[in-house]
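Novice: The following comprises the amino acid sequence and a computationally predicted model.
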Amino acid sequence: EFGRLQRNLMELLQEQKFELDRLREKGVELECATATSANAAALTASRAKDNERQSNAMFNKQEELMKFQFMSMGLSYFSSLNMLKEMRKINTDTTASAIVNSAETAAAAAAAASAANIP
């Protein structure tokens, strides 16, 4: 009877050892899977941060470009206004000179006609 109980106990211990070994293997597999998942999550987070930095840099560059273009348009507008102002001034001077020259020419023609006694 004692021998039979001892054999049954040994069989139960063997089964428990087998189950414990199987659970340890699953635990190691689970740890590996968890480590792999954590590594993949860290890699994804790192990529997301890199992408965020790149998009922020692109936004900043685009903003600077838009500011420059706006300033350039403003300078071009004021430059064109100054050019128009100078053109009006030149036209005014030319018109005034033409009027003065026409008056002088008319006076000279009148003086010549008067000198020649042409009515």
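Specialist: Received, thanks. Numbering: from 1, shown residues only.
Novice: Below-threshold pLDDT in this structure: ranges please.
Specialist: 118-119 (pLDDT under 70).
Novice: what about the helices in it?
Specialist: For the chain, the helices defined by DSSP state H cover 2-115.
Novice: ok, how many other residues are close to Ser37?
Specialist: Residues lying near Ser37 (other Cβ atoms under 10 Å) number 10. From N, CA and C alone the C-beta is placed, and that goes for glycine too.
Novice: Let me fix that, I meant to ask about Phe2.
Specialist: 6.
Novice: again, but for Ala103
Specialist: Per other Cβ under 10 Å, the neighbour tally for Ala103 reads 10.
Novice: for the one 3 residues further on, same thing?
Specialist: For Ala106, the neighbour count with other Cβ under 10 Å is 10.
Novice: Tell me which residues touch it, please.
Specialist: If a contact means Cβ atoms under 8 Å, 6 or more residues apart in numbering, then Ala106 has no contacts.
Novice: gap between it and Ser72?
Specialist: 50 Å (Cβ to Cβ, to the nearest Å).
Novice: Next: Glu11.
Specialist: 91 Å.
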